[in-house]
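>>> Quick one: sequence plus predicted model below, questions after.
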Amino acid sequence: MALHTQRVTGWVGWIWFGGMLMIMSGIFNIITGLNAIINDEVYVQTFTRLLLFDLTGWGWIHLVWGILLTITGVAVSVGKDWARVAAVVLLMINAITQLTWIAVNPWWSLAVIAVDVLVLYALIVHGREAKSLAE
């Protein structure tokens, strides 16, 4: 049996960082989703009228997205191969959706896109290093 050693670089820290960010983002989405499900009616007063929003559907989307992010973030942190693929898809969707918010909050959207791209690079190019440390 040949012993194969793989060189581990500092990018493993970025992979763990990405996993922790996904967990944190997932928890935020879960809290937001539960809040929207429980407090599903929001009243907004404008100069001309009173607007009523029903947030139940949006809350369920946030809840499911948060659960997906949390599970994938944990799996990325322990070096699961399937989680790297899932994380790449989730991060790409997250970066793309930030483009819809860029007019509202440009600096935050650009910061999120930059972190997503950095974590994507770490996962795609150096993802196997995290797996080798987990074994």
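Structure's in. What do you need?
>>> Buried ones in the helix or strand where residue 120 lies, by neighbour count?
Under the criterion of DSSP states H and E, residue 120 resides in helix 106-134. Using 16 or more other Cβ atoms under 10 Å as the burial criterion, the residues of helix 106-134 that qualify are 109, 112-113, 115-116, 119-120, 122-123, 126-127, 129-131. Where you see a C-beta, it was placed from the backbone N, CA and C, and this is true even at glycine.
>>> Could you tell me which residues make contact with the residue nearest the centre of the chain?
Closest residue to the average C-alpha location of the chain: residue 22 at 4.1 Å, with Cα atoms, centre = their mean. Residue 22 sits next to 69-70, 72-73, 76, 87, 90-91 when contact means Cβ atoms under 8 Å, 6 or more residues apart in numbering.
>>> can I assume it sits in a helix?
Yes: the assignment for residue 22 is a helix, going by DSSP: H, G, I helix; E, B strand; the rest coil.
>>> Now it: closest residue in space, sequence neighbours ignored.
Computed as Cβ to Cβ, 6 or more residues apart in numbering, the closest residue to residue 22 that is not its neighbour in sequence is residue 73, at 3.0 Å.
>>> Understood, closing this out.
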